[in-house]
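Colleague: structure of the sequence below:
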Amino acid sequence: MSLPQQLRGKSDFDQLPDNIPISATIADIEEKKGFIDYFRFVIEVKTKGGSKYLIYRRYREFFNLHQILESRYSPEDPDRPGPNTCVLPTLPGKVFIGNKREIAESRIPELNTYMKRLLSLPTWLLLDDDLRMFFYQTEQDSQQLPRALRRLRPPTRKVKTVKSKTDLFSSPRAEAMSDFCGSSKAELNLKAGDLIFLLQRVNGDWLEGTVNDQTGIFPESFVKIIKPLPESESEGEGEGPTYSCLRCYMLTPSGVQTRDVCVQEDLNIRPTHKELLTRMRDIFAVDDIALNYRDHEGDLVRVLDDEDVLLMIVAGRARAVATVPRPVNQFPWELHVTLASDFSVYNADA
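Modeller: Sure, this is the predicted structure:
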């Protein structure tokens, strides 16, 4: 008799709440374009009471859960577990090099096995708060739609086939007036003269469109509008993903570069120090950099870890209240990037 069947035959299992998860299976992977691009797993969870729902989890959330469970329940001697310990299943290890999609795909069978064995452990472990929260459908989970259900409104759309000149001249479109090189997968690469079919307005400065069968966002200042979007889509009510904009600066002895970086993240997101550092290295094509923010006195403060990121966000929100209004989709905090070896920027006037 298998372990899950043994557990289901016990009275203590029958007394568990109906919302306890008893099985979980990865239904798909989805790419998330945030401060760094990553893949998350779409997981179908079934509960003891018979309900089903979807949750969205990254590999690092699996890793964090496993570390917590190991610290609480892993026995010192795996061959002789105590009454409040048990041998946990093996979690697939971290992979630092390789194609992210291929890594995520390869992890699916291993993570399915891990979850199956995890939810087959003694019933008292199923009541662990962190374990239950991992498999709990949060409000954010419930608001997501898996791509399999988005066939009529995919997040990345192909340009419609133009069958006649009438169709061509009826479509919202723009012409690229100069070259534009996107700094992330979310941004289009444009060449002067390109005809872009417009899909929606992202904000006051950015549009989303399709050119050469590629869909992405681009600054309106690089194009000439030939036929504008309908009013509703011009106001950002299109069907595509919403974007948030981060204002960032690169401070060097030769001057300051200003960039607006668009990401598919909510304005309340709290990115990690590693995510921000990786993204800024890509944006400014410099490896040896440091992250900073301005305090209430206008001085630069270096950001060294995730706790400093939180301080930066709190300080940015406080400064935003006292300054001019920002676009509704612009982060209230700003990022100042400097060379890691340049300490001349500190303790200077704003």
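
Colleague: who's F197 bridged to?
Modeller: Beta-bridge partners recorded for F197 (DSSP bridges): R173, T210.

Colleague: go ahead and confirm it touches L207.
Modeller: No. F197 is not in contact with L207 according to C-beta atoms under 8 Å; the separation is 10.6 Å. In this view, the C-beta of every residue, glycine as well, is placed from N, C-alpha and C.

Colleague: run the chain-centre distance for the helix or strand harbouring M133.
Modeller: Using DSSP states H and E, M133 maps to helix 129-135. Between the centre of helix 129-135 and the centre of its chain there are 21 Å (C-alpha atoms, centre = their mean, to the nearest Å).

Colleague: and that helix, what other elements does it pack with?
Modeller: Contact here means 3 or more C-beta pairs under 8 Å, 6 or more residues apart in numbering; DSSP states H and E; on that basis helix 129-135 packs against strand 21-33, helix 59-73.

Colleague: mind listing what's buried along stretch 280-290?
Modeller: M280, I283, F284, I289, A290 (16 or more other C-beta atoms under 10 Å).

Colleague: you'd agree the second one is in a helix?
Modeller: Yes. Under the criterion used here (DSSP: H, G, I helix; E, B strand; the rest coil), I283 sits inside a helix.

Colleague: ok, the spatially closest residue to it that is not a sequence neighbour - contacts?
Modeller: Nearest residue to I283, sequence neighbours excluded (C-beta to C-beta, 6 or more residues apart in numbering): S183, at 5.1 Å. Shown in contact with S183 (C-beta atoms under 8 Å, 6 or more residues apart in numbering): R259, V261, D282, I283.

Colleague: what about S183, which SS state?
Modeller: coil.

Colleague: and it, how far is that from D128?
Modeller: 42 Å (C-beta to C-beta, to the nearest Å).

Colleague: go on, Y243?
Modeller: 37 Å.

Colleague: that older thread, using TSV, lay out the buried residues of stretch 280-290 together with pLDDT and distance to F41.
Modeller: Formatted as TSV, the buried residues of stretch 280-290 follow (pLDDT from 0 to 100; distance: C-beta to C-beta, whole Å):
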residue	pLDDT	distance to F41
M280	91	27
I283	86	28
F284	88	32
I289	94	31
A290	95	33
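
Colleague: tell me where the protein has helices.
Modeller: Using DSSP state H, the helices found in the chain span residues 3-8, 11-14, 59-73, 100-118, 123-126, 129-135, 139-142, 165-170, 231-234, 273-284, 306-322.

Colleague: hey, C-alpha coordinates of the third one in CSV?
Modeller: The one in question is helix 59-73. Taking C-alpha atoms only, helix 59-73 is exported to CSV below (Å, rounded to 0.1, in the frame of the first residue of the first chain):
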residue,chain,number,x,y,z
TYR,A,59,11.7,28.1,-8.0
ARG,A,60,13.1,30.3,-5.2
GLU,A,61,9.8,30.0,-3.4
PHE,A,62,10.2,26.2,-3.5
PHE,A,63,13.8,26.6,-2.2
ASN,A,64,12.8,28.9,0.6
LEU,A,65,10.0,26.6,1.8
HIS,A,66,12.3,23.6,1.7
GLN,A,67,14.9,25.4,3.9
ILE,A,68,12.2,26.3,6.4
LEU,A,69,10.9,22.7,6.6
GLU,A,70,14.4,21.3,6.9
SER,A,71,15.2,23.6,9.8
ARG,A,72,12.1,22.5,11.6
TYR,A,73,11.6,18.8,10.8
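
Colleague: so what touches that helix?
Modeller: Residues outside helix 59-73 that contact it (C-beta under 8 Å, 6+ apart): 41, 84-86, 88, 91, 94, 104, 107, 111, 114, 125, 128, 130-131, 134.

Colleague: greatest separation within those residues: which pair is it?
Modeller: Spanning the widest gap among these are N84 and A104, at 34.4 Å by C-beta to C-beta.

Colleague: same drill for the two, tell me which one is more crowded.
Modeller: Between N84 and A104, A104 has the larger neighbour count (other C-beta atoms under 10 Å), namely 21 against 11.

Colleague: which non-adjacent residue is nearest that one?
Modeller: Nearest to A104 is F39, by C-beta to C-beta, 6+ apart, at 3.9 Å.

Colleague: what of S341?
Modeller: D288 (6.8 Å).

Colleague: list the residues that contact the one you found.
Modeller: L339, A340, S341.

Colleague: ok, the last one to F218 distance?
Modeller: Same thing as S341. S341 sits 34 Å away from F218, going by C-beta to C-beta.

Colleague: higher neighbour count, these two?
Modeller: Shown here are S341 and F218; by other C-beta under 10 Å, F218 has more neighbours (25 against 9).

Colleague: contacts only, for that one.
Modeller: With contact taken as C-beta under 8 Å, 6+ apart, F218 is in contact with F180, G182, E187, L188, L190, I196, W206, L207, E208, G209.
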